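**Student:** Can you look at this prediction? I've put the sequence above it.
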Amino acid sequence: KAGQLGLKTAVVESRGRLGGTCLNVGCIPSKALLHSSHLYEHATHGFKDHGVIVNDVSVDLDAMMASKLKTVEGLTSGIEFLCKKNKVDYVKGFGKLAGANSVEVALTDGGSQTLSTKNVLLATGSEVTPLPPVPVDNEAGRIVDSTGALELSEV
């Protein structure tokens, strides 16, 4: 909104895609998978109540994940378009306050950059809180956090 109002604006994002936690690994991909799951449930249970008979219904998890990715990519590219349209600088990295009027960014590609500004607006996103006795291992797919659950290769 600041860019739309003509203010010199920069967005610092560490994920490599604009949209923060909700759009990349939170609300949006979760809802996309939930929608696909609801469609499966309707096909296996709800359709027959309406006289629609469907045989041999199965889940194609790869297609379901591709649909989720298409949704996320469509929305993130839309945000990137809006940033470009409104002349918002996109800085890829992890930012932290360095003073009342500056943000120090550890750039994703290495190095750092200091952004000096009159105003700073923080949107911190979120991180998964670990449970010490139960270590998360997203790659193994046995104990996963919310981000790992969005990338499961089988159910």
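**Tutor:** Perfect, I can see it now.
**Student:** Look up the closest residue to Lys87, ignoring the ones flanking it.
**Tutor:** Spatial nearest neighbour of Lys87, excluding adjacent residues (Cβ to Cβ, 6 or more residues apart in numbering): Gly3 at 6.1 Å. Every residue, glycine included, has its C-beta placed from N, CA and C.
**Student:** Over to Ser14?
**Tutor:** Closest residue to Ser14 apart from its sequence neighbours, by Cβ to Cβ, 6+ apart: Phe94 at 4.3 Å.
**Student:** neighbouring contacts of the lengthiest helix in the chain?
**Tutor:** Across the chain, the longest stretch assigned as helix under DSSP state H is helix 61-85. With contact meaning Cβ atoms under 8 Å, 6 or more residues apart in numbering, helix 61-85 is reached by 3, 11, 17-19, 23-24, 28-29, 32-33, 36, 88, 90, 150-155.
**Student:** Of these, which belong to helices?
**Tutor:** Among the contacts of helix 61-85, the ones falling in helices (DSSP H) are Leu23, Asn24, Ile28, Pro29, Ala32, Leu33, Ser36.
**Student:** The third one reaches Gly20, doesn't it?
**Tutor:** It stands for Ile28. No. With contacts defined as Cβ atoms under 8 Å, Ile28 does not count as touching Gly20, sitting 10.1 Å away.
**Student:** would you put the C-alpha positions of stretch 58-66 in PDB?
**Tutor:** Output of stretch 58-66 as PDB, limited to C-alpha atoms (Å, rounded to 0.1, in the frame of the first residue of the first chain):
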ATOM      1  CA  SER A  58      -8.300 -42.300  -6.200                       C
ATOM      2  CA  VAL A  59      -5.800 -39.600  -5.100                       C
ATOM      3  CA  ASP A  60      -3.000 -38.500  -7.400                       C
ATOM      4  CA  LEU A  61      -0.900 -36.800  -4.900                       C
ATOM      5  CA  ASP A  62       1.500 -35.400  -7.500                       C
ATOM      6  CA  ALA A  63      -1.300 -33.700  -9.300                       C
ATOM      7  CA  MET A  64      -2.700 -32.400  -6.000                       C
ATOM      8  CA  MET A  65       0.700 -30.900  -5.200                       C
ATOM      9  CA  ALA A  66       1.000 -29.400  -8.700                       C
END
